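J.: got a predicted structure here, sequence first:
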Amino acid sequence: MEIYALEKMNRTKAARDVLAAFLRSTIATLRYGHTVIYEGEEFYVPYMRNTYKISENGESATFLVNKLSMDVMIYGSSQQSLVQLNPLDMDEEFIIDGGYNDADINLEIEKKMHLDKRMRKTITRFKPQLIDSSIVYVREPIFYVKGRDTYVFAVDSLADKVDFQSIIFIKQRIAENYLNKQKLSCADCG
């Protein structure tokens, strides 16, 4: 399946380092115990990418909204060069589908516009126009962590944070992939 993946241009931290820093925190140590990290697969999570432009002053802002968790990130016109859009051909088993619909996402973006002080001033004087809307995917590496129990963590490679909200959908996709492989191996047996 052909997708467009959004990636940071200059990565400062590896996903494993982001997870390791989280697991070293006091609260994580109390909850998960001393842990060992094992690398897993990479899944691609859908994001809605809306670009708004204000024609009066030429400014533009790109909103990236995680379709699974409604996390909103804003990239101003100066920050848009920090991310790159790459076409990829991926297996469907590593692409997460579903999430919120476009109308709910647009409402969340409007809320974010009204909460941001600088944006609120701009939208009261000028009318932002939606110039581009598309679905892009962000790579989220999966890590299996052995501590008091075995845990699965996903790291958002765009925001450099542990993604607790998308992991539910990713675990579901891991289970579906496992069941599909079992069906294929059973079909070969009999």
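T.: Alright, I've got the coordinates.

J.: hey, C-alpha coordinates of the longest helix belonging to the chain in CSV?
T.: Of all segments of type helix in the chain, defined using DSSP state H, the longest is helix 167-189. What follows is helix 167-189 as a C-alpha-only set of coordinates in CSV (Å, rounded to 0.1, in the frame of the first residue of the first chain):
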residue,chain,number,x,y,z
ILE,A,167,-0.8,1.5,21.8
ILE,A,168,-4.3,0.0,22.2
PHE,A,169,-4.8,0.1,18.4
ILE,A,170,-1.3,-1.2,17.8
LYS,A,171,-1.8,-4.1,20.2
GLN,A,172,-5.0,-5.0,18.3
ARG,A,173,-3.1,-4.9,15.0
ILE,A,174,-0.3,-7.1,16.5
ALA,A,175,-3.0,-9.7,17.5
GLU,A,176,-4.7,-9.5,14.1
ASN,A,177,-1.3,-10.1,12.4
TYR,A,178,-0.6,-13.1,14.7
LEU,A,179,-4.0,-14.6,14.0
ASN,A,180,-3.6,-14.1,10.2
LYS,A,181,-0.2,-15.8,10.3
GLN,A,182,-1.6,-18.7,12.3
LYS,A,183,-4.5,-19.1,9.7
LEU,A,184,-1.9,-19.2,6.9
SER,A,185,0.3,-21.8,8.6
CYS,A,186,-2.8,-23.9,9.4
ALA,A,187,-3.9,-23.7,5.8
ASP,A,188,-0.4,-25.0,4.7
CYS,A,189,-0.6,-27.9,7.1
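
J.: what sits up against it?
T.: Under the criterion Cβ atoms under 8 Å, 6 or more residues apart in numbering, residues 41, 43, 45, 68, 93-94, 96, 98-99, 140, 142, 152-154 lie in contact with helix 167-189. Bear in mind the C-beta positions are built from the backbone N, C-alpha and C, glycine included.

J.: how about a cut-off of 7 Å?
T.: With Cβ atoms under 7 Å, 6 or more residues apart in numbering as the test, helix 167-189 has contacts from 43, 68, 93, 96, 98, 142, 152, 153, 154.

J.: roughly how far apart are the second one and residue 47?
T.: In this structure, residue 68 lies at 9 Å from residue 47, with Cβ to Cβ, to the nearest Å as the measure.

J.: the two: which has the busier surroundings?
T.: Between residue 68 and residue 47, counting by other Cβ atoms under 10 Å, residue 47 is the more crowded of the two (25 against 21).

J.: how about the contacts made by the more buried one?
T.: 6, 64, 65, 66, 67, 136, 137, 138.

J.: can you pull up the bridge partners for it?
T.: residue 66, residue 136 (DSSP bridges).

J.: what about it, distance to residue 57?
T.: Look at residue 47 and residue 57: by Cβ to Cβ, they are 26 Å apart.

J.: and the closest residue to residue 1 other than its chain neighbours, what's its pLDDT?
T.: With sequence-adjacent residues excluded and distances taken as Cβ to Cβ, 6 or more residues apart in numbering, residue 1 is closest to residue 92, at 5.2 Å. Here the pLDDT value assigned to residue 92 is 90.
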